[in-house]
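Asker: I would like to see how this sequence folds:
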Amino acid sequence: MTAAAPRAVDVHALPAMLTALRLPSIQRHWTMLADRADAEGWPASRFLAALAEVELADRDARRIQRHLQQSELPGGKTLATLDFKALPGVTRARIEALAAGDWVETGANLIAIGNSGAGKSHVLCAIGHALVEAGKRVLYTPTTDIVQRLQAARRDLVLEAALAKLDKFDLIILDDITYAQKDQAESSVLFELIARRYETRSLAIAANQPFSAWNRVFPDQAMTVAAIDRLVHHATILEMNGESFRRRAAARRRSSEPVAAPTASSDNIGVEATDNINDKLREISAE
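Answerer: Numbers count the residues shown, from 1 in each chain. Have a look, this model is predicted:
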């Protein structure tokens, strides 16, 4: 019995097929890589591997950009713009080690305590940016904002769903946890968030008051003790009691000293991540 002849492949249909398969990067770059493959005599396996590498690099870039947008991290507060010499009580090595994110893998916490304007939020956000770039899911929020959202969810009888939605984030950064006094209802939902993430998901907290003053956050003494106990059980604590960055900047302005511009940085992680695809193409071309 004679074997059936292979069906002819319609190359002109390739763009439509790649669209149907949701392979936009291959669709954009396959002609260039095909020309290289023909000119240099690549085997089919190398050509296919080059296409797959380009697609994966672009997917990584898109995922990082999407996660950065979802994180709500403020722009500009990155490791590149940190003035380590002005940070009280912390070293570059320690911050860079925290930015590596091993502690997030185990559901540990990070707590920065110190004077207002000492750089606590910048440090936590810089670590958050680095973790997003490394593939982690991060959410930045002022504590009062997330408390209001959780209170509204409780009122609408969907608190459990709201907390479950927050579980997708490897790290939640709670800024200014001691900024304003909270009533019993507010402190209750905040405690539920802390208790739910205990030993499973990480929290990073900025506070301008020592633990001894956290009765402003949790008016109930028992709840205060229970919350602090859960937070510090597996935690790195940064004590940052230095002169305010804002006060120093104001003093420089008053004395007419030029304020140094922030170092050019990776503020836009999405732009850096998008460069991955170009790097991958250059690697392929160099082979």
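Asker: What residues does the nearest residue to Val189 once chain neighbours are set aside make contact with?
Answerer: Among residues not flanking Val189 along the chain, Leu150 sits closest, at 3.9 Å (CB to CB, 6 or more residues apart in numbering). For glycine as for every other residue, the C-beta is placed from the backbone atoms N, C-alpha and C. Going by CB atoms under 8 Å, 6 or more residues apart in numbering, Leu150 touches 159, 162-163, 189-190, 192-193.
Asker: what about Leu150, distance to Asp220?
Answerer: Counting by CB to CB, to the nearest Å, the gap from Leu150 to Asp220 is 17 Å.
Asker: Alpha carbons of stretch 76-95, in PDB - could you do that?
Answerer: The C-alpha trace of stretch 76-95 is given here as PDB (Å, rounded to 0.1, in the frame of the first residue of the first chain):
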ATOM      1  CA  GLY A  76      11.000  56.300  41.300                       C
ATOM      2  CA  LYS A  77      11.400  54.400  44.600                       C
ATOM      3  CA  THR A  78      13.900  51.800  43.400                       C
ATOM      4  CA  LEU A  79      17.200  50.400  44.500                       C
ATOM      5  CA  ALA A  80      18.900  52.600  41.900                       C
ATOM      6  CA  THR A  81      17.600  55.800  43.500                       C
ATOM      7  CA  LEU A  82      18.300  54.900  47.100                       C
ATOM      8  CA  ASP A  83      20.900  57.000  48.800                       C
ATOM      9  CA  PHE A  84      22.500  54.300  51.000                       C
ATOM     10  CA  LYS A  85      24.900  56.700  52.600                       C
ATOM     11  CA  ALA A  86      21.900  58.600  54.100                       C
ATOM     12  CA  LEU A  87      20.000  55.600  55.300                       C
ATOM     13  CA  PRO A  88      20.200  55.200  59.100                       C
ATOM     14  CA  GLY A  89      20.900  51.700  60.500                       C
ATOM     15  CA  VAL A  90      20.900  49.700  57.200                       C
ATOM     16  CA  THR A  91      23.600  48.800  54.700                       C
ATOM     17  CA  ARG A  92      23.600  48.300  51.000                       C
ATOM     18  CA  ALA A  93      24.500  44.600  51.400                       C
ATOM     19  CA  ARG A  94      21.500  44.100  53.800                       C
ATOM     20  CA  ILE A  95      19.000  45.700  51.500                       C
END
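Asker: so where do the helices sit in the stretch 151-287 of the chain?
Answerer: 159-166, 184-197, 221-233, 245-254, 269-286 (DSSP state H, counting those that start in this stretch).
Asker: ok, residues contacting stretch 211-221?
Answerer: Contacts of stretch 211-221 with the rest of the structure, by CB under 8 Å, 6+ apart, involve 113, 177-178, 181-184, 187, 190-191, 207, 209, 224, 227-228, 232.
Asker: same check, this time on stretch 67-74
Answerer: 125, 128-129, 132, 135-141, 173, 269-270.
Asker: mind redoing it with 6 Å?
Answerer: With CB atoms under 6 Å, 6 or more residues apart in numbering as the test, stretch 67-74 has contacts from 125, 128-129, 132, 137-140, 269-270.
Asker: And those residues, which is closest to Leu18?
Answerer: Gly270 (23.6 Å; CB to CB).
Asker: so where is the stretch 51-200 of the chain shaky, pLDDT-wise?
Answerer: Scanning the stretch 51-200 of the chain with the threshold set as pLDDT under 70 gives 180-181.
Asker: Break down it into its strands, ranges please.
Answerer: 109-114, 138-142, 171-175 (DSSP state E, counting those that start in this stretch).
Asker: who wins for proximity to Lys77 among the ones you listed?
Answerer: Closest among the strands of the stretch 51-200 of the chain, once you apply CB to CB, is strand 138-142, at 9.1 Å.
Asker: Quick check on the contacts of Leu150: which are buried?
Answerer: Among the contacts of Leu150, the ones that count as buried by 16 or more other CB atoms under 10 Å are 159, 162-163, 189-190, 192-193.
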